[in-house]
Each structure stands twice: as structure tokens, then as C-alpha cells.
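Chemist: got a predicted structure plus its sequence, pasted below:
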Amino acid sequence: MTLVIPGLLTPPEAAAIRAAAERLDFADGRETAGRFARTVKANHQARPSPELEAIQAKVGAALRTNPVFASAARPRALTPLILSRYRTGETYGLHVDDALMGGLRTDLSFTLFLSEPETYEGGALIIQDRIEERAIRLGPGDLILYPSTTLHRVEPVDRGERLAIVGWVESLIRSADAREILFDLDQSVEEVFARDGKSDLFDRLSRSRSNLLRMWAGL
Ligand code: NI
């Protein structure tokens with residue numbers, strides 16, 4: 001399941017991170033790429049610093065408290081967040097993300113866009129499935145969550161600067177199909193409760209959701 005979560009950060013929060021990013025040191029993104037991805041990766045990533053840690057903490061808190069992210073990803077753990085920067089001519093060619101990062105299995109990838117779309121050209125995230133390519137270019141503070149199993153790339157930036165935060169989730173629920181069923185059930189439970197309160201239907205739906213979670217968690 002690929003999902004856009006609009007407004008994970010408010011526009012002022014995204015602007016504050018952009019301003020903070022201007023004071024960071026950036027390193028060649030190839031330093032953190034795998035052997036094959038290195039040949040197509042041409043971007044920059046913020047070097048570790050207390051200022052970067054403050055940004056990571058702010059975004060990490062927004063992720064942890066967002067109910068849609070929690071329901072769609074069911075995170076067990078997140079990799080350290082990467083602040084990436086693409087300037088004119090920079091790109092990240094077609095690749096698949098590493099299956100394991102720092103001991104975590106990457107089930108879901110996400111990109112949190114930080115730059116105003118009109119301040120740069122190009123730089124769309126392109127996610128490929130077996131039929132078509134989908135181009136994603138979101139506003140500052142908006143996040144796209146997508147399966148780490150996909151081939152994807154970042155189109156070259158033709159003008160301006162594209163800042164984004166990327167990261168990966170190891171989910172409690174290994175199966176993407178199971179995650180989607182639980183995501184639908186979360187919405188159904190909410191809707192039934194909003195309509196009729198704590199009815200018999202609500203109780204049965206809640207029990208099914210809990211028992212599926214019990215069945216699938218950790219498999
Ligand atoms: Ni990637």
C-alpha cells in the first residue's frame with residue numbers, strides 16, 4: 001500500500017527545518033549507499049551533528065504521534081532519519097532499498113518533503129510497479145509511505161534545491177497484505193464507533209482486529 005500523509009508537519013515546522021538545514025554540513029550521499037545503488041546515487045546528506053539530531057527528534061516525534069502513520073505502518077522500529085539534499089543536476093537513479101539496515105528489516109520507505117514545490121524543478125520521486133511509473137512531488141510537511149520492495153528513483157533536479165527527510169520502518173506486521181487489512185479495520189472500527197458508539201458490531205470488529213494483530217504480529 002502506498003499512502004500520502006498530508007501535513008505530517010505544518011508548513012511553519014517544515015520551514016523551520018529548512019532554515020536549520022542551511023546551517024548543516026552535508027556529505028556525498030554515496031557514502032551511505034550500497035554497492036549497486038552507489039553507481040546511480042548523486043545527492044548529499046546531512047552529516048551527524050547535534051543540530052541534525054534536533055531535526056531527527058522533531059520529525060521522529062511527529063511520526064510517532066501521527067495516527068495514520070501508526071495505522072498504516074505499525075512500526076516496530078525506525079532507522080535513523082536521513083536529511084537529503086538535491087541541487088541542480090543531482091539525482092538518484094533506479095534502485096531498490098537495502099533489505100536490512102542496521103539490523104532492521106526495511107518493510108516501508110518514506111519521504112517527507114520539505115521544500116516548496118515551486119522553488120525547484122524536477123526532483124519527483126518515481127515509484128515503479130510492473131505496469132507504470134508514478135511521480136510523487138508533495139508540499140512541505142507532506143509524507144509518502146511506500147513498500148520498500150519497490151524499484152524507485154529520484155528524477156534529476158533541474159533548478160533549485162530539493163530537501164527531504166527519508167527513513168525506513170520495520171513493521172510489527174511483516175506482510176503488506178495483512179497491514180492493509182488492519183489499516184482498513186482501523187478505519188472501520190473508528191467509523192462504526194463514530195456512528196453508533198460502543199455497539200455489538202463495534203465490539204466484534206474490535207475483537208477481530210485485535211485477534212488478527214495477535215495472529216500476525218511478529219510473524
Ligand atoms: Ni531508495
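Modeler: Done, it's in. Numbers count the residues shown, from 1 in each chain.

Chemist: could you list the low-pLDDT ranges of the chain?
Modeler: Low-confidence segments of the chain (pLDDT under 70): 219.

Chemist: can you name the farthest residue from the center of it?
Modeler: residue 200 (36.2 Å; C-alpha atoms, centre = their mean).

Chemist: and the gap between that residue and residue 99?
Modeler: 43 Å (C-beta to C-beta, to the nearest Å). Using the backbone N, CA and C atoms, a C-beta is placed for each residue, glycine as well.

Chemist: now tell me what touches the longest helix seen in the chain from outside.
Modeler: Secondary structure of the chain per DSSP state H: the longest helix is helix 176-196. Residues from elsewhere that reach helix 176-196 (C-beta atoms under 8 Å, 6 or more residues apart in numbering): 1, 71-74, 107, 147, 149, 171, 173, 199, 201-202, 205-206, 208-209, 212-213, 216.

Chemist: in helices only, show me these.
Modeler: 71, 72, 73, 201, 202, 205, 206, 208, 209, 212, 213, 216.

Chemist: let's have those in JSON lines, adding distance to residue 85.
Modeler: Formatted as JSON lines, the ones in helices among the contacts of helix 176-196 follow (distance: C-beta to C-beta, whole Å):
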{"residue": "71", "distance to residue 85": "31"}
{"residue": "72", "distance to residue 85": "27"}
{"residue": "73", "distance to residue 85": "25"}
{"residue": "201", "distance to residue 85": "50"}
{"residue": "202", "distance to residue 85": "47"}
{"residue": "205", "distance to residue 85": "45"}
{"residue": "206", "distance to residue 85": "44"}
{"residue": "208", "distance to residue 85": "45"}
{"residue": "209", "distance to residue 85": "41"}
{"residue": "212", "distance to residue 85": "41"}
{"residue": "213", "distance to residue 85": "38"}
{"residue": "216", "distance to residue 85": "38"}
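
Chemist: neighbour-wise, which one of those residues leads?
Modeler: When neighbours are taken as other C-beta atoms under 10 Å, the top entry among the ones in helices among the contacts of helix 176-196 is residue 73 (25 neighbours).

Chemist: list the contacts of the spatially closest residue to it that is not a sequence neighbour.
Modeler: Of all residues not flanking residue 73 in the chain, residue 169 sits nearest, at 4.7 Å (C-beta to C-beta, 6 or more residues apart in numbering). Contacts for residue 169 (C-beta under 8 Å, 6+ apart) come out as 73, 75, 76, 77, 78, 79, 106, 107, 108, 109, 110, 145.

Chemist: good, wrapping up.
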